[in-house]
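>>> Any chance you could fold what I've pasted below:
(chains A and B)
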Protein chains: 2
Amino acid sequence: MTDTPIEQTYRPPLCDITILDLTHVLAGPYCSMILSDLGAKVIKVEQPGTGDDTRHFPPFRDGHSAYFATINRDKESIALNLKDDGDRAVFERLLAQVDVVMENYRPGVMERLGYGWDDLSERHPHLIYGAVSGFGHTGPDALRPAYDMVVQARGGVMSITGEKNREPVRVGASVGDIVAGMFLGHGLLAALYQREKTGEGQKVDVAMLDSQLAIMEHAIAITGETGIPPEPSGARHPSIAPFETYHTADGLMVIACGNDVLFAKLCEVIGKPQWATLPEFADNLSRCQNVMLLRRRIETVTLAHPREFWLNLLAAEGIPCAPIQNVAEAMEDPQILARNMVKHLPAPDGGAPFAAAGNPIKMDSIDDARQPQAAPLLDENRVAILDWLVQREA
Amino acid sequence: MTDTPIEQTYRPPLCDITILDLTHVLAGPYCSMILSDLGAKVIKVEQPGTGDDTRHFPPFRDGHSAYFATINRDKESIALNLKDDGDRAVFERLLAQVDVVMENYRPGVMERLGYGWDDLSERHPHLIYGAVSGFGHTGPDALRPAYDMVVQARGGVMSITGEKNREPVRVGASVGDIVAGMFLGHGLLAALYQREKTGEGQKVDVAMLDSQLAIMEHAIAITGETGIPPEPSGARHPSIAPFETYHTADGLMVIACGNDVLFAKLCEVIGKPQWATLPEFADNLSRCQNVMLLRRRIETVTLAHPREFWLNLLAAEGIPCAPIQNVAEAMEDPQILARNMVKHLPAPDGGAPFAAAGNPIKMDSIDDARQPQAAPLLDENRVAILDWLVQREA
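Below you'll find the predicted structure:
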């Protein structure tokens, strides 16, 4: 008998995949972060001297961007100037060995460098090519520049976010970039699966603007049927009540009663069982028509006790509810911590670690408790990458 | 010579994959919609009599939910009562033939039905099991019920969405559900890829709450470094200026100058080149400190002409900009239409089609112009599914 624990060996799904990642800022690097969390080796190709723009995004510590650190953990960096012959030679050797190449330039840039998909697919039929851009590689606005907020505005999500009769606001998370990166991730994984059958790669083209439209199922269904685009939804569900934020003695919480049974239970729990049978609250339609009155009545009760009191009471009865947590509170939430959703990334200088979100994809083949590697310094892994190339070429 | 066009035959990546989909409402069905867009056959298992809850979600036309129609296009429906012996026999025959089974019950429900992952993996080692739930299958709150807004509140995204000094608002799109469905999609695709190597399936467990934390890279980096959670970001970028909404003579637009060069160009274009050298606007930090002044100055100019005038002028100079479009405007946007991002789904009664978002993943192996099939009526495909089973078993 020994005290040594049995060590499980994990072989994550993409452990045999290498990604050559030319992307910068967010949509592309977010995609390669997910693929890295799934086990892929990610070689980040950066501009010599400056590197990824996000290396210069705040907050900084000792000159290192915490923002860059979170998105680029576990990746390797090599600085290559794709207009320099020596660097192009290295890049071309890399192309021959990797499975996926990713870029987020505007359409035409890769072609001008001689690395457009038509060229690449001829020389490297096994290669999978992922492009994420503001507006995609086709259509009248393909060449326009974009940022997260540009596509949030144009795609419609800002118009349904915010308070009625006030100006629209952006979604606080960068969904313009992130959702596009996630659609690209789906495309690349599907292409990897298909290559197992056909032996051939293909191109995946994802636009940030398209991706915004793709997440508005409800708003599109309503607009399509009524011709009237939905207004900003404020802090409540547009067609269910009670389903919004309520004040307590010490903070805001959400109560979400999706049906009459839950509403009756809520009335019971807050000591007002008679409300469930009032004509103005008898069914969801009535409750929606009297939603302001309903909120005021509920708040006369909820204001009397602190949030924690109500959340415990409601949760015990199975009524969906939650505190509105700020990001610091969310990062200390026991459920979040139990799921390894806050990781501490080593800082390049050996200082206090950077906080980052963990991997939300929990799979049998992935070690969820694994400690990620620090994001690389610019060009940090050049020698190791060249060594890897030599081994692969042998 | 004939006039017949050459017809390209598409074989989408997942054309040999079948998904047995027990999920309802949004997170799971959104995931299986993406996999269907990638070519998978999706067999939707529904509760006899009522079916998926979203069949009863507005807006309706002739008794059919437009909401249900958009998310469930191209799927097949069979009604099975998993507590009935005859239906269980059918379900078990299906389990033996499909590649993926998906569910979004609370943890423990599948176990009580005798279809927990431990049982299934023993009997069907090839099977991949996808679960999406509010809080995941582990942790202290695993059994709590959730809705989109519950995880938007608890995960922190509401706290950074909205206007400063006002109450937080929800994200108008259902990112609590949708992003979780997309992480599940990544996990299932990675598991399909890995099964090609190992021959074995595995379980993927995704929580809506985890998924919210995973999309807040910037907010987590800031909170981790400063200890201070970010405030709602309103309608501007939290650390870049000018990068927000501006009024014109007839509507709101976004202008996004990510650096000094773009700002100088903007000043030039709007006829105020001298602003670029004023000390209060000389660099991004100064512009952020004087952001209210900067906006008022810019609006003194932009209010003089309609939005379209400014967008044309700015776009011609490569300055990132966009109208804030409502959903109806977004659905008629020429770039959106050029990218096949609005599809018209046949209605079950042969009436006017339902509008839905197209597939944002453009791949060589997928026919982007394909017309989707209508969402199924409850149990519509029972006979065809049973026939398919017999063929597969032969």
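
>>> count of neighbours near the residue lying closest to A:Leu192 once chain neighbours are set aside?
Once flanking residues are discounted, A:Leu192 sits nearest to B:Tyr193: 5.2 Å by Cβ to Cβ, 6 or more residues apart in numbering or on different chains. Heads up, the C-betas are built off the backbone N, CA and C, glycines and all. Using other Cβ atoms under 10 Å in any protein chain shown, B:Tyr193 has 22 other residues around it.

>>> wait, is B:Tyr193 part of a helix?
Yes - assessed by DSSP: H, G, I helix; E, B strand; the rest coil, B:Tyr193 belongs to a helix.

>>> Contact partners for the closest residue to A:Asp148 other than its chain neighbours?
Leaving aside its sequence neighbours, A:Asp148 sits nearest to A:Gly176 (Cβ to Cβ, 6+ apart; 3.6 Å). For A:Gly176, the contact set (Cβ atoms under 8 Å, 6 or more residues apart in numbering or on different chains) comprises A:146-152, A:155, A:208, A:211-212.

>>> which stretches of the stretch 201-350 of chain A form helices?
A:208-214, A:217-226, A:260-269, A:284-289, A:291-302, A:307-316, A:327-331, A:334-338 (DSSP state H, counting those that start in this stretch).

>>> hmm, I was thinking of the stretch 51-200 of chain A
Under DSSP H, counting those that start in this stretch, the stretch 51-200 of chain A gives helices at A:66-71, A:85-97, A:109-112, A:117-123, A:148-155, A:175-198.

>>> so what's the residue of the stretch 201-350 of chain A found nearest chain B up against?
Taking Cβ to the nearest Cβ, chain B has its nearest neighbour within the stretch 201-350 of chain A at A:Gly224, 2.9 Å off. Applying Cβ under 8 Å, 6+ apart to A:Gly224 gives the contacts B:66, B:331, B:354-356.

>>> can you list the weak-confidence ranges in the stretch 101-250 of chain A?
For the stretch 101-250 of chain A, no stretch is flagged by pLDDT under 70.

>>> just to revisit the earlier point, now flag whichever of the contacts of A:Gly176 is closest to A:Val171.
Within these, distances to A:Val171 taken as Cβ to Cβ reach their minimum at A:Gln152, with 6.1 Å.

>>> Now do the contacts for that closest one.
A:158, A:170-171, A:175-176, A:212.

>>> can you redo those residues as JSON lines with distance to B:Ile78?
Shown next, in JSON lines, are the contacts of A:Gln152 (distance: Cβ to Cβ, whole Å):
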{"residue": "A:Met158", "distance to B:Ile78": "40"}
{"residue": "A:Arg170", "distance to B:Ile78": "42"}
{"residue": "A:Val171", "distance to B:Ile78": "37"}
{"residue": "A:Val175", "distance to B:Ile78": "34"}
{"residue": "A:Gly176", "distance to B:Ile78": "38"}
{"residue": "A:Gln212", "distance to B:Ile78": "34"}
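
>>> circling back to that earlier point, can I get the contacts of A:Gly224 in CSV with pLDDT, neighbour count and distance to A:Arg287?
What follows is the contacts of A:Gly224, written out as CSV (pLDDT from 0 to 100; neighbours: other Cβ atoms under 10 Å in any protein chain shown; distance: Cβ to Cβ, whole Å):
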residue, pLDDT, neighbour count, distance to A:Arg287
B:Ala66, 93, 26, 22
B:Met331, 98, 22, 30
B:Phe354, 94, 28, 27
B:Ala355, 95, 20, 29
B:Ala356, 96, 26, 29
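
>>> do stretch A:275-290 and chain B meet?
No - using Cβ under 8 Å from any Cβ of the partner chain, stretch A:275-290 stays clear of chain B, with a minimum separation of 10.0 Å.

>>> mind exporting that stretch as PDB, just the C-alpha atoms?
Extracted as PDB, the C-alpha positions of stretch A:275-290 are listed here (Å, rounded to 0.1, in the frame of the first residue of the first chain):
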ATOM      1  CA  TRP A 275     -52.600  37.200  -4.600                       C
ATOM      2  CA  ALA A 276     -52.600  34.100  -6.800                       C
ATOM      3  CA  THR A 277     -56.400  34.200  -7.200                       C
ATOM      4  CA  LEU A 278     -56.800  38.000  -7.700                       C
ATOM      5  CA  PRO A 279     -58.300  38.600 -11.200                       C
ATOM      6  CA  GLU A 280     -55.400  41.000 -12.100                       C
ATOM      7  CA  PHE A 281     -52.800  38.200 -11.400                       C
ATOM      8  CA  ALA A 282     -54.800  35.100 -12.200                       C
ATOM      9  CA  ASP A 283     -52.900  34.100 -15.400                       C
ATOM     10  CA  ASN A 284     -49.700  35.100 -17.200                       C
ATOM     11  CA  LEU A 285     -51.400  37.500 -19.600                       C
ATOM     12  CA  SER A 286     -53.100  39.400 -16.700                       C
ATOM     13  CA  ARG A 287     -49.900  39.500 -14.800                       C
ATOM     14  CA  CYS A 288     -48.100  40.900 -17.800                       C
ATOM     15  CA  GLN A 289     -50.800  43.600 -18.200                       C
ATOM     16  CA  ASN A 290     -50.400  44.500 -14.600                       C
END
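
>>> in that stretch, what's buried?
A:275-276, A:278, A:281, A:284, A:287-288, A:290 (16 or more other Cβ atoms under 10 Å in any protein chain shown).

>>> Using CSV, lay out these together with pLDDT.
Below are the buried residues of stretch A:275-290 laid out as CSV (pLDDT from 0 to 100):
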residue, pLDDT
A:Trp275, 96
A:Ala276, 95
A:Leu278, 96
A:Phe281, 96
A:Asn284, 89
A:Arg287, 95
A:Cys288, 92
A:Asn290, 96
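
>>> CSV for those, including distance to B:His186?
Conversion of the buried residues of stretch A:275-290 to CSV gives the following (distance: Cβ to Cβ, whole Å):
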residue, distance to B:His186
A:Trp275, 44
A:Ala276, 42
A:Leu278, 47
A:Phe281, 42
A:Asn284, 35
A:Arg287, 38
A:Cys288, 36
A:Asn290, 43
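
>>> Closest one of these to B:Pro12?
Of the buried residues of stretch A:275-290, the one sitting nearest to B:Pro12 (Cβ to Cβ) turns out to be A:Asn284, at 39.7 Å.

>>> Return the distance of the closest one relative to A:Cys321.
Look at A:Asn284 and A:Cys321: by Cβ to Cβ, to the nearest Å, they are 18 Å apart.

>>> just A:Glu332 next, same as before
Taken as Cβ to Cβ, the span from A:Glu332 to A:Cys321 is 19 Å.

>>> Those two: who's more crowded?
Comparing A:Glu332 with A:Cys321 by other Cβ under 10 Å, the one with more neighbours is A:Cys321, at 27 against 11.

>>> Isn't that one up against A:Asn312?
No - the criterion here is Cβ atoms under 8 Å, and A:Cys321 misses it with A:Asn312 at 9.7 Å.

>>> quick one: contacts for the nearest residue to A:Gly134 once chain neighbours are set aside?
Among residues not flanking A:Gly134 along the chain, A:Ala146 sits closest, at 2.5 Å (Cβ to Cβ, 6+ apart). Neighbouring residues of A:Ala146 by Cβ under 8 Å, 6+ apart: A:133-135, A:176, A:208-209, B:320, B:322.

>>> Columns distance to B:Glu268 on top of these, output as JSON lines?
Converted to JSON lines, these look like this (distance: Cβ to Cβ, whole Å):
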{"residue": "A:Ser133", "distance to B:Glu268": "26"}
{"residue": "A:Gly134", "distance to B:Glu268": "22"}
{"residue": "A:Phe135", "distance to B:Glu268": "24"}
{"residue": "A:Gly176", "distance to B:Glu268": "27"}
{"residue": "A:Met208", "distance to B:Glu268": "27"}
{"residue": "A:Leu209", "distance to B:Glu268": "27"}
{"residue": "B:Pro320", "distance to B:Glu268": "15"}
{"residue": "B:Ala322", "distance to B:Glu268": "20"}
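
>>> Fine by me, thanks again.
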